[in-house]
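Enquirer: I would like to see how this sequence folds:
(2 chains, ligands or ions: 3)
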Amino acid sequence: MGARAEPWQTAEIPGPKKAMIITNPQIVTALIRRSKNPVLIVGSMAPEIKLSSGDLVDYAIQIAESVGIPIVSSPSILKVFLDRGFKRVFGIPVVDIANRLIDVNWTGLEGKGQYDLAMFMGFKYYVCWLILSGLKHYSRNLKTISLEMYYQPHALWSFPNISKEEWEKNLNAIIKSLREGK
Amino acid sequence: MVSEKNIRVKIDELKSSIGLLKGFELSIGKIVSEEWLEEVGPTQFPKIPDLREWDLKLLQRYKPFYMPFCDLCCLCTFGKCDLTGDKRGACGINMSAQQSRIVLLACCIGAATHAGHARHLIEHLIEKYGRDHPIDVGGGNVEIEAPITRLVCGIRPRTLGDLEEVLSYLEREIVRLLAATHTGQEASNIDFESKVFHAGMIDHVALEIADIAQISALGYPKADPEAPLVELGLGVVDSTKPVIMVVGHNVPPAAAIVDHLIENNLYGGVEVVGLCCTAHDVTRYNPKAKIVGPISWQLRFIRSGVADVVVVDEQCVRTDTIIEAQKVKAPVIATSDVNCIGLPDRTRDSVEKIVEDLVLNGQPGALILDPEKAAEVAVKTALLIAPKRMKFKALPDVSDIIEGAKKCRKCDDCRRACPNDLPVRDALAETLEGNLNALADLYEACVGCGRCESACPVDLPLHSFIVKAAEKRIKEEKYKLRVGRGAIQDVEIRKVGSPIVLGEIPGVVAFVGCANYPNGGTEVAEMAAEFAKRRYIVVASGCAAMSIGMYKDEEGKTPYEAFPGAFDAGGIVNVGSCVSNSHIAGAAIKIASIFAKRRLRANYEEIADYILNRVGAVGVAWGAMSQKAAAIASGFWRLGVPVIVGPHGLKYRRMLLGRKDKPEDWYVYDARTGEKVYVGPAPEHLFYAAETKEEAMVMIAKLCMRPNDTTRGRAIKLSNYIDLHKRFFGTMPDDIHLFVRTLADVPLTMREEVIKILEEKGWKENIIPDPTLLPRLVRKKAGE
Ligand code: SF4
Ligand code: SF4
Ligand code: SF4
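Expert: Ligands and ions are numbered 1, 2, ... in the order given. As a prediction, this is how the structure comes out:
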């Protein structure tokens, strides 16, 4: 499957404003580095998405740890993070976190102020699609990155539809460069 | 137009030469006996602005969060206009107004569908049973026969004829609401949202009058907790007999089929099976009829070839029914002017001629707008065509699947078209190894939409492949469903009113709506059983009620066999079809009216305020799909009942979300003193989509909390909330301090851990007010 910037679910046609494509994992690293207050938001599917060295929860934890940021998890997978020893996690329904991310006055989960970068992974395709649409239209000063395997056009940056292998390679590269930069 | 308020002349007492006339009301063209002494409240037959103030109160607390499903507007020729971010269209509209406008359009479609259905049904019943046929939904057990109509319209309908006045009101309001969506009309998203609520309220009245009319005229169970159990599932259909399949929402043709069979002594030899709400209603009419399943069972059942004749009426009927039925050589009879499916109108032709054309001349179907004639044609056709068709099916053999798998181009277009992202291609590939299980495993989550097939470049009948692979399981689809009972009895309300309002029955949870589930219908059954076990009152309707039945516990019992059908703690109550949702709203209203003795007549705002603050009811539409579902949900919002949808419900493109982190949003008046009191986020949201069943269950328990709960009641509700939170999320909730008002609220068994959290959060004790959002209900003004 080639890298096509088309929505994964054929009919979820977006636009005119569509996500820029992450052609190189360094783009993600650079965006994270430039951000003052990033957060990683992980959906309920994450434990079911298996990659060669662990599931998507493992990857989420590695990313969060390598940057030193909190994770917002879907409440139904909160336990998975805690069981793996990752404590800087907040179980918040995705509609609630999105509704807070559009509020410029929100002070964040740890009182550090509104986030300026939100990254998403582990959601049903259409759930992420709609939540990112809400953020695209209504957030101010928030950059969004989809770290999903499929093109999420409402993010500011997204991978195109890629294979699992490519996805994993990219996630590993992001983690590696974040660690190196630490 | 003359308003309904003006056309009545009330005569309390009139002495004349013919004697004493007492308590009569004369309206144009009719005389209504009027013994209803209750004073008319402030909002009789309310128009759009009349309840706007109440709507704004709700919307102030539960603000819309929009998730545009499309960035453009294409509703007029100025467009398409790009509304991204803060851009505006050529007419000046912005994205929020556009999104709420689309929500209003959806709710207008929903309300018009129910009102149109009500009109069609009531006119038919009046023609058949007369204008004076009495409204009776539960004999002496149900005195408040039409709580929503009384509340909204301020009238008490006594006969079928009385409902016509209500219909005119509904139609007028729907036209006004629809007009507001024209280019250059309403400009404010909040006003659009208020109109959405209005459409929802109108929709609820339409539901109610449709259902009380059919209950009264067609002899349905009348508020019977022990309504009979009927057979449910693909496996219960006796395919050795001629089979007539009825699908849709308008029962007269299906009821006429049953009548025709009985009158001609044929019922033992012919099966009548239903899908969607017509199935509910035909079993309410006659419990020998059977239910195949929810809306998503349409394709698989037609393709199985078991149905010899397909009779469609209206709403949620697949629009490719005729194409599918042709594949299995089953004629289609259309019976509704809203769904003519391109068929010739044969209403005036003789039964014999139509049957001949369908059976011998190979005509695909007929439009017959007379239910009795449609019924006679259906029965005669079924009897004659069954031996010719020999249950000709359109399902493949296993060898066809394997051949198909060889043709697959591995393009993944099937998966990308599937609403549930099912890995069709991978499952198909496994069949080449002789393994059909992967394909069979897709059956549960498959909503039977057929989009995979449409997308496939080599035209593989993929949905049929799944159905064939799951054949064994389908044969075992044999369940029971308790027939829709209709209304809730007044005595049941008297019994549970106090424990609900005080919080000792932890809540009323209504599983309603369509079957667009993210992972199959079993999740609904599991949720329903869990809350019934926890001694909530569980109510169900529509496709969700069927999904609850399609499940068996360890003892092989369906929930309708395992739990009683009473409106009481631990019951699972099937009220019936989509229009029966009115009895769920009606029960909440009756709690305010019968138990709390609040004035009901045309007194919407006060009753909604009562429900919002005191009645711990939550609607769950786990597979909500339709515009009707949107309208039904809106009716619940205006009434103060929160609604949870499944993840597909996000596609309704806006939520109504509270912010528990903003204390200023959660103040009410204490009606005793007029003081403003913080009551915590109860209920936290008005419209909320959960990603998973577990998230929904925890939220259900949470949204059942209400400011009026007594300490004992709150402790019970909190213990359910905490228990489910711990079980599914593995932790104590981090917001308990917002729901504990005094230490007596803390569940005894959890005292230590809760108090620890309260201390950490700097919790302070608060009073429990007599809660209201309406300053006019304050008995004493502050400072008096
Ligand atoms: S029919 Fe089933 S498998 Fe095919 S697209 Fe619809 S839900 Fe998916
Ligand atoms: S759409 Fe058809 S050809 Fe393409 S992967 Fe699916 S089954 Fe194969
Ligand atoms: S979105 Fe709904 S109404 Fe439109 S084509 Fe799809 S199923 Fe039909």
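
Enquirer: In chain A, which residue sits closest to chain B?
Expert: A:K79 (3.0 Å; CB to the nearest CB). Using the backbone N, CA and C atoms, a C-beta is placed for each residue, glycine as well.

Enquirer: Tell me, how many residues neighbour that residue?
Expert: The tally of other residues near A:K79 (other CB atoms under 10 Å in any protein chain shown) stands at 20.

Enquirer: so it is in which element?
Expert: Element membership for A:K79 (DSSP states H and E) is helix A:78-83.

Enquirer: other SSEs contacting the helix or strand just after that helix?
Expert: Sequence order places strand A:89-91 as the next helix or strand after helix A:78-83, per DSSP H and E. If you count contacts as 3 or more CB pairs under 8 Å, 6 or more residues apart in numbering or on different chains; DSSP states H and E, strand A:89-91 packs onto strand A:71-73, helix A:78-83.

Enquirer: for the longest one, the distance to its chain's centre please.
Expert: On the basis of CA atoms, centre = their mean, to the nearest Å, helix A:78-83 is displaced by 18 Å from the centre of the chain it belongs to.

Enquirer: and the gap between the one residue in chain A that gets nearest to ligand 2 and B:R415?
Expert: At 10.6 Å from ligand 2, A:T10 is the closest residue in chain A, using CB to the nearest ligand atom. A:T10 sits 10 Å away from B:R415, taking CB to CB, to the nearest Å as the criterion.

Enquirer: So if I had to pick from the two, which one is more boxed in?
Expert: Taking neighbours as other CB under 10 Å, A:T10 and B:R415 compare with B:R415 leading, 21 against 15.

Enquirer: next structured bit after the helix or strand hosting the more buried one?
Expert: Assigned by DSSP H and E, B:R415 belongs to helix B:413-417. Per DSSP H and E, the first helix or strand lying C-terminal to helix B:413-417 is helix B:424-431.

Enquirer: outside of that following helix, which residues touch it?
Expert: Applying CB atoms under 8 Å, 6 or more residues apart in numbering or on different chains, the contact partners of helix B:424-431 are B:401-402, B:404-405, B:408, B:410-412, B:414-415, B:418, B:436-439, B:441-442, B:452, B:460, B:462, B:465-466, B:469.

Enquirer: Check stretch B:741-757 too.
Expert: Under the contact criterion CB under 8 Å, 6+ apart, stretch B:741-757 has outside partners B:679-680, B:709, B:711-712, B:714-716, B:718-719, B:722, B:732, B:734, B:736-737, B:739-740, B:758, B:763, B:765-768.

Enquirer: Pull out the buried positions in the helix ranked longest in chain A.
Expert: Taking DSSP state H as the criterion, chain A has its longest helix at helix A:164-181. In terms of neighbour count (16 or more other CB atoms under 10 Å in any protein chain shown), helix A:164-181 has its buried residues at A:167-168, A:170-172, A:174-175, A:177-178.

Enquirer: Check whether that helix comes near chain B.
Expert: No: figure legend: helix A:164-181 not in contact with chain B (CB under 8 Å from any CB of the partner chain); closest approach 11.9 Å.

Enquirer: ok so, going back, export the buried residues of helix A:164-181 to JSON lines and tack on pLDDT?
Expert: Listed next are those as JSON lines, based on pLDDT from 0 to 100:
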{"residue": "A:W167", "pLDDT": "98"}
{"residue": "A:E168", "pLDDT": "97"}
{"residue": "A:N170", "pLDDT": "97"}
{"residue": "A:L171", "pLDDT": "98"}
{"residue": "A:N172", "pLDDT": "97"}
{"residue": "A:I174", "pLDDT": "97"}
{"residue": "A:I175", "pLDDT": "97"}
{"residue": "A:S177", "pLDDT": "95"}
{"residue": "A:L178", "pLDDT": "95"}
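
Enquirer: Check what pLDDT A:S158 gets.
Expert: Model confidence at A:S158, given as pLDDT, is 98.

Enquirer: Just say helix, strand or coil for the residue of chain A closest to ligand 2.
Expert: coil (DSSP: H, G, I helix; E, B strand; the rest coil).

Enquirer: again, but for B:P518
Expert: coil.

Enquirer: what's near enough to touch it?
Expert: Contacts of B:P518 (CB under 8 Å, 6+ apart): A:124, B:420, B:445, B:646-648.

Enquirer: how does it look with 6 Å?
Expert: B:646-647 (CB atoms under 6 Å, 6 or more residues apart in numbering or on different chains).

Enquirer: swap in B:R119?
Expert: Contacts of B:R119 by CB under 6 Å, 6+ apart are B:L167.

Enquirer: now it: how far from B:A621?
Expert: Counting by CB to CB - B:R119 and B:A621 are separated by 25 Å.

Enquirer: which stretch among the helices and strands packed on strand A:89-91 comes nearest B:G154?
Expert: strand A:71-73 (48.2 Å; CB to CB).

Enquirer: in which helix or strand would I find the residue nearest in space to the middle of chain A?
Expert: Nearest residue to the geometric centre of chain A (CA atoms, centre = their mean): A:F120, 1.8 Å. Secondary structure assignment for A:F120, by DSSP H and E: strand A:117-121.

Enquirer: any idea of the mean pLDDT in that strand?
Expert: 98.

Enquirer: which helices and strands does the following helix or strand past that strand pack with?
Expert: Following strand A:117-121 in sequence order, the next helix or strand is helix A:125-138 (DSSP H and E). On a contact count with 3 or more CB pairs under 6 Å, 6 or more residues apart in numbering or on different chains; DSSP states H and E, helix A:125-138 meets helix A:94-101.

Enquirer: Can you give the contact residues for the helix it packs on?
Expert: Contacts of helix A:94-101 (CB under 6 Å, 6+ apart): A:72, A:106, A:131, A:134, A:139, A:142, B:65, B:655, B:657, B:689.

Enquirer: From the chain's centroid, how far away is the strand holding A:F120?
Expert: The gap between where strand A:117-121 is centred and where its chain is centred comes out at 3 Å by CA atoms, centre = their mean.

Enquirer: Repeat that for stretch B:405-418.
Expert: For stretch B:405-418, the distance to the chain centre is 35 Å (CA atoms, centre = their mean).

Enquirer: swap in stretch B:738-753?
Expert: Taking mean C-alpha positions (CA atoms, centre = their mean), stretch B:738-753 and its chain are 35 Å apart.

Enquirer: out of the contacts of helix B:424-431, which touch ligand 1?
Expert: Filtering the contacts of helix B:424-431 for neighbours of ligand 1 using CB under 6 Å from any ligand atom leaves B:418, B:442, B:452, B:462.

Enquirer: can you give me the mean pLDDT across whichever strand or helix holds the third one?
Expert: According to DSSP H and E, B:C452 maps onto helix B:451-455. Throughout helix B:451-455, pLDDT has a mean value of 98.
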